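Q: any chance you can model this:
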Amino acid sequence: MKMTTLLKVLVALVFSHVPVSPVLPQPPVHKLASALEKIVPSDAVLEKIGEGFDWAEGPVWVPDGQYLLFSDIPRNTIYKWHEKEGLSIYLRPAGHAGSDPPGIELGSNGLLLDAEGTLTMCDHGNRCMSKLNSKDFTKKTLVSRYRGKRLNSPNDAVFKSNGDLYFTDPPYGLKGLNQDPNKELDFSGVYLFKTDGQLILLTREMTFPNGIAFSPDEETLYVSNSDPEHAVWMAFDVADDGNIQNGRVFFDATEWAKSGQQGLPDGMTVDQGGNIFATGPGGVHVFTPEGTHLGTIKTGQIAANCTFGNDGSVLYITADSHLYRIRLNTTGLGF
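A: As a prediction, this is how the structure comes out:
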């Protein structure tokens, strides 16, 4: 249950001073297989390092500066969290700044860095993919239309090592979702934006494509589907030209969603061993590359997304109004 408006206002005034502290549930890890202990310590502690947000999303670790950035979509804000400095506002407005917003989710969603370290964002409220010039905090639109029609509201994205950008485009940024009169595309797509500026529709078969990630060898693309009627993580083979094929269900969590567990398949990240850390009903689930569910990091809040930070062994988790971290026995990709 979310906090009352008054409590959120009070927390917002002091959240830069929120101390690092253990949070419930304790213990935070539900182990299904002994192999999990090689990845998540049996005595791991889930720490709360921030709270009071409306809906925290899209975290990314910035090595040059050693800090975390993440979105609060309804507040139209990107926050910065630093170990010594605490929490501060990094960018506001982070998304839509006009007088006619498409919905209540105005801000950015998924955040990531390109090979040069430039912040790239799913510009949820502006219905496009953007890059930020950190010197003057101006944005450049990368892509906003497919075959002349506006995108829905880009949600999450991942770079391939060659610079190609893969992203999902569900309708969550629109007031009426799929029934919104401003929705110009009659589907929700997964796209490939190539370095030469070409935008390719990879699939339109997923109802609510959301989180997206590559396997370490980039031969498999994972995409979550946040549909309570078909709550699954999909896996696709990646062809030499960047297209995807042989789509199959990697893991089906529909029964979890229908049983009342909080959350749906959402954001995810991958470690160097190819294990997938995927937010979904009940918390952050750890899957092997073969799709075996090893266990769950229970957040007690609806888990939205996660990313590795620090030396690569710390997992940061955005979950509803909270920001968490947990130290692991594994290392994330890119570290």
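Q: all helices of this structure, in order?
A: Secondary structure of the chain by DSSP state H: the helices cover 5-14, 254-258.
Q: select from the ones you listed the stretch with the lowest mean pLDDT.
A: Set side by side, these give their lowest mean pLDDT on helix 5-14, at a mean of 34.
Q: burial count for residue 329?
A: Residue 329 has 14 neighbouring residues, counting by other C-beta atoms under 10 Å. The way it works is simple: take the backbone N, C-alpha and C, and place the C-beta from them, glycine included.
Q: quick check: it touching residue 38?
A: Yes - with contact defined as C-beta atoms under 8 Å, residue 329 counts as touching residue 38 (6.0 Å).
Q: what pLDDT is listed against residue 26?
A: Among the per-residue scores, residue 26 holds a pLDDT of 61.
Q: now do the one 10 residues further on
A: On the pLDDT scale, residue 36 is placed at 96.
Q: likewise residue 232?
A: In this prediction, residue 232 carries a pLDDT score of 98.
Q: so who does it touch?
A: Residue 232 is in contact with 224-225, 249-254, 265, counting by C-beta atoms under 8 Å, 6 or more residues apart in numbering.
Q: for residue 122, see how far away residue 193 is.
A: To residue 122, residue 193 is 12 Å away according to C-beta to C-beta, to the nearest Å.
Q: repeat that for residue 278.
A: Per C-beta to C-beta, residue 278 is found 18 Å from residue 122.
Q: how about residue 89?
A: Computed as C-beta to C-beta, the residue 89 to residue 122 distance reads 19 Å.
Q: residue 142 now?
A: Per C-beta to C-beta, residue 142 is found 10 Å from residue 122.
Q: looks like residue 82 contacts residue 69 (just checking).
A: No - at 10.2 Å, residue 82 does not count as touching residue 69 under the criterion of C-beta under 8 Å.
Q: more neighbours: which of the two?
A: Neighbours around residue 82 and residue 69, counted as other C-beta under 10 Å, are more numerous at residue 69. The numbers are 25 against 13.
Q: I figured that one hits residue 119, correct?
A: Yes - Residue 69 is in contact with residue 119 according to C-beta under 8 Å; the separation is 7.0 Å.
Q: so what sits against both of those two?
A: With contacts taken as C-beta under 8 Å, 6+ apart, the residues that reach both residue 69 and residue 119 are 60, 62, 111.
Q: so what pairs up with the nearest residue to the first one once chain neighbours are set aside in the strands?
A: It refers to residue 60. Taking C-beta to C-beta, 6 or more residues apart in numbering, and ignoring the residues beside it in sequence, residue 60 has residue 111 as its nearest neighbour in space, at 4.2 Å. Each beta-bridge partner of residue 111 is listed here, defined by DSSP bridges: residue 121.
Q: and residue 313, what does it touch?
A: Contacts for residue 313 (C-beta under 8 Å, 6+ apart) come out as 327-332.
Q: redo that, cut-off 10 Å
A: Listed by C-beta atoms under 10 Å, 6 or more residues apart in numbering, the contact set of residue 313 reads 271, 326-332, 335.
Q: closest to residue 233 among the residues you listed?
A: Of all the contacts of residue 313, the one with the least separation from residue 233 (C-beta to C-beta) is residue 271, at 15.8 Å.
Q: what average pLDDT does the longest strand seen in the chain get?
A: If each strand of the chain is counted by residues according to DSSP state E, the longest one is strand 244-252. Mean pLDDT, taken over the full extent of strand 244-252, equals 98.
Q: can you check stretch 155-164 too?
A: The predicted model assigns stretch 155-164 a mean pLDDT of 98.
Q: list the buried residues for it?
A: By neighbour count with 16 or more other C-beta atoms under 10 Å, stretch 155-164 contains the buried residues 155-160, 164.
Q: can you get me the start-to-end distance on stretch 51-70?
A: The separation between the terminal residues of stretch 51-70, taken as C-alpha to C-alpha, to the nearest Å, is 13 Å.
Q: typo on my end, stretch 199-219
A: 20 Å.
Q: list the buried residues for that stretch?
A: Along stretch 199-219, these residues count as buried under the neighbour rule (16+ other C-beta under 10 Å): 199-200, 202-203, 206, 208-215.
Q: which of those fall in strands?
A: The members of the buried residues of stretch 199-219 that map onto strands under DSSP E are 199-200, 202-203, 209-214.
Q: which one of those residues is nearest to residue 136?
A: Using C-beta to C-beta, those come closest to residue 136 at residue 199, 26.9 Å.
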